[in-house]
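# My questions are about this predicted structure, shown below with the sequence.
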Amino acid sequence: MTDTDHPSPQESDDPLEAASSLGGHHAPAQVGFKRKAFLTLAALGIVFGDIGTSPLYALHQSALAAQQNTALNHAIYGVVSLIFWSLILVVTLKYVTLIMRADNDGEGGELALASLAHRVQGLDRRVKLLIGTGAILGLSLFFGDGMLTPAITVLSAVEGLAATSRHFEPLVVPFSLVILIGLFAFQSRGTAQVGRLFGPVMVVWFLVLAALGTGSIVKTPEILWALSPHYGLMLFVDEPWTAFVTLGSVVLAVTGCETLYADMGHFGKGPIRAAWLFFVLPALFLNYFGQGAALLREPNALTNPFYSMAPDWAHYPLVILATIAASIASQAVISGVFSIARQAIQLGMLPRMEIRHTSATDYGQIFVPRMNAVLCVGVVLIVLIFKNSNALGAAYGIAVTGEMFISTMLVGLVAVRQWKWSIWTAVPLFGLLGFVDLAFLGSNALKIVEGGWLPLFIATCVYAIMGTWRLGRRVQLDRIRNESMPLNLLVERAEKTPVRVAGTAVFLSARADVCPSALLHNLKHNKVLHERILITQVMVDDTPLVAPEKRLEVEKLGKGFYSVHIHHGFFETPDVPKALSEARKFGLAIDPETTTFFIGRETLVPAEHSQMESWRRWIYMQLAANALSPARFYRLPPNRVIELGAQVTI
């Protein structure tokens, strides 16, 4: 999204844009500084919640894995070194420096990246199919990540209660469930008000991380030797298998890096990069090294190295702050799932669902009730199954590493074909990054039996649903096309219609080349045609947003018929009446309040010889039966809608 896509600050509906006009009559440079500072603060609250709460469990899990077959001190130096260089290579080099360059009109994320790669000229059909499959797989893994992140972050924070007293252990799971259920129950009210507190709270959180780490490093400064990659490499030389297994826990330190890229469109590259390089990375560096120093001083602190750095008087306040930070991290992931679900719906990967806008000013504030219920049930079950963060750590990571590898491959393709990078530059660089991703992925694959099966099971279910929905829609549309009258033939015969009544009729159609079934049924039963008939097709382009001047295409077919194409981006919510009100510039004045909207309500019937397997057909029929009505999804005025039913065999 370029700057020209946004209205002026005074007219913008986006509070992040409007922030640039705060402060009255300041000089442009001063206004620009205030806007960047506001965006950087907001990014701290939304973008870095997940990776910012990783110190609660990442080093603890990694040290437990590494000290199985090696001396604890040697394991600590090696693990701290691996975590530090993972933050540098994976987050700083790969995401902040390279992947954030691959913006789709200013937007980021798995779908935006896949759309960008798909637009590369001259790609073989099989490569495009592979890109599409990778996008669906990445989305499926993201949904699995969306269930695991709230569970492990909140559990890790609440477990601080039991760090000093075993009497609190039975309360960890109930407290975690109360917090998580309350978080999901709050979603319907919107997060705009609470969201304003996210930034300041996370500033406090990162300052506390830095302060705790600094105090611990001062007591044991020799931990700074772990800055050298030598210690991480020596762990592989001395105990290669143990080091490889440990990578499955080290990757927990970089979970949330996909969020950096996904939220790029909301905050911009500059604020996210500034927040990471000058605030988040130093705080994480100090805290991880501080935890390592605490373990060097007191090996018994391995039970919970994060809380061991805090003085006794600060323990319970730190638990409260960690729980709030974990809730913020969970909220960011939940909001991300809502956003990705909306994009998947727009691109035809999921059936239509209700999408509520919880803010009158911020288009990003949405609530998807059905997805919220699925997430809530999934997260509660995960907490009840695993019960503690150590057990859940075995499940966490495989979804993240899968997403990371897919992103690396897609960006490598964009670098070579769109950025025109030399093959001798791109292959070694992205080959190295891909090798690191595969190493993390391979290590996590070892934990499939221990719990890694869970994200894979969730991803498999989501992948099957998405694939079934896309296949079913294609079969259904092909059947409609084969059984429908060509639109040009109906236009030719329009003069033979006995009666043409005054007014405008809008027929929503999935295909522009055939006559909508609702139109044929209306003509068959009522034996009339309206004076003006708009065959309207809503199309989702492979860009996040569509410029207003490209929103509408109108073609006059003659005899009162018009072909109308409404274009939306996959970040936008379709609004047919609003789009049609802009048709005046095409000489077509439409008042939605006096227009009749016709939509077809298809009843699916099993065919004797179907193109779909029985189980796929059953799933598709259930999904289609529970999909949101087109009238509600496309925001049609309820008192101006007529639904006409038809049977379609699939």
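The structure has been received and is ready for your questions. Numbers count the residues shown, from 1 in each chain.
# so what are the domain limits for this structure?
Partitioning the chain according to automatic domain parsing yields domains covering residues 3-11+49-470, 486-649.
# ok now the longest one, how far from the chain's centre?
The reference is to domain 3-11+49-470. In terms of Cα atoms, centre = their mean, to the nearest Å, the centre of domain 3-11+49-470 is set 12 Å apart from its chain centre.
# what is the mean pLDDT for it?
What domain 3-11+49-470 shows for mean pLDDT is 86.
# now the last one
Over the span of domain 486-649, the pLDDT mean works out to 87.
# Need the distance between the two termini of it.
End-to-end distance for domain 486-649: 19 Å, by Cα to Cα, to the nearest Å.
# chain center to it: distance?
30 Å.
# Report the buried residues of the top strand by length along the chain.
Counting residues, the longest strand found in the chain (DSSP state E) is strand 528-540. Of the residues in strand 528-540, 529, 530, 532, 533, 534, 535, 536, 537, 538, 540 count as buried by neighbour count, 16 or more other Cβ atoms under 10 Å. Where you see a C-beta, it was placed from the backbone N, CA and C, and this is true even at glycine.
# Ignoring the adjacent residues along the chain, who's closest to the second one?
So that's residue 530. residue 505 (3.8 Å; Cβ to Cβ, 6 or more residues apart in numbering).
# May I have the phi/psi pair for that neighbour?
Dihedral pair for residue 505: phi -120, psi 130, per degrees, to the nearest 10.
# ditto for the one 10 residues further on
The phi/psi pair for residue 515 (degrees, to the nearest 10) reads phi -80, psi 130.
# Run a quick neighbour tally on it.
Neighbours of residue 515 under the rule other Cβ atoms under 10 Å: 20.
# Is it correct that it is in contact with residue 483?
No. At 10.7 Å, residue 515 does not count as touching residue 483 under the criterion of Cβ atoms under 8 Å.
# Name the residues contacting each of these two.
Here residue 515 and residue 483 have no joint contacts, going by Cβ atoms under 8 Å, 6 or more residues apart in numbering.
# Let me know which of the domains of the chain is the nearest to residue 37.
Taking Cβ to Cβ, domain 3-11+49-470 is the member of the domains of the chain nearest to residue 37, at 8.4 Å.
# which stretches of the stretch 301-450 of the chain form strands?
Here the stretch 301-450 of the chain has its strands, by DSSP state E, counting those that start in this stretch, at 356-357, 366-367.
# Near the nearest residue to residue 398 once chain neighbours are set aside, how many other residues are there?
Leaving out its chain neighbours, the residue that sits closest to residue 398 by Cβ to Cβ, 6+ apart is residue 444, at 4.1 Å. Neighbours of residue 444 under the rule other Cβ under 10 Å: 26.
# neighbouring contacts of stretch 514-525?
480-481, 484-487, 489-490, 497, 505, 507-509, 528-529, 533, 535, 598-600, 602, 642-646.
# and with 6 Å instead?
Stretch 514-525 is contacted by residues 481, 484, 485, 487, 490, 507, 509, 598, 600, 644, 646 when judged by Cβ atoms under 6 Å, 6 or more residues apart in numbering.
# Could you pull out the buried residues of stretch 562-573?
Neighbour-count burial for stretch 562-573 flags 562, 563, 564, 565, 566, 567, 568, 569, 570, 571, 572 (criterion: 16+ other Cβ under 10 Å).
# which one of those sits closest to residue 54?
For the buried residues of stretch 562-573, the residue nearest residue 54 by Cβ to Cβ is residue 571; the value is 28.0 Å.
# just checking, the closest one touches residue 542?
No. Here residue 571 does not reach residue 542: they are 11.5 Å apart, not a contact under Cβ atoms under 6 Å.
# I'd like to know which of the strands of the stretch 301-450 of the chain is closest to residue 219.
Comparing these by Cβ to Cβ, strand 366-367 comes nearest, at 47.0 Å.
# which stretches of this protein form strands?
With DSSP E, the ranges of strands along the chain come out as 356-357, 366-367, 499-508, 528-540, 552-558, 561-568, 595-605, 641-649.
# can the ones you listed go into a markdown table with extra columns for distance to residue 198?
Shown next, in a markdown table, are the strands of the chain (distance: least, Cβ to Cβ, whole Å):
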| stretch | distance to residue 198 |
| --- | --- |
| strand 356-357 | 19 |
| strand 366-367 | 17 |
| strand 499-508 | 39 |
| strand 528-540 | 30 |
| strand 552-558 | 37 |
| strand 561-568 | 29 |
| strand 595-605 | 40 |
| strand 641-649 | 40 |
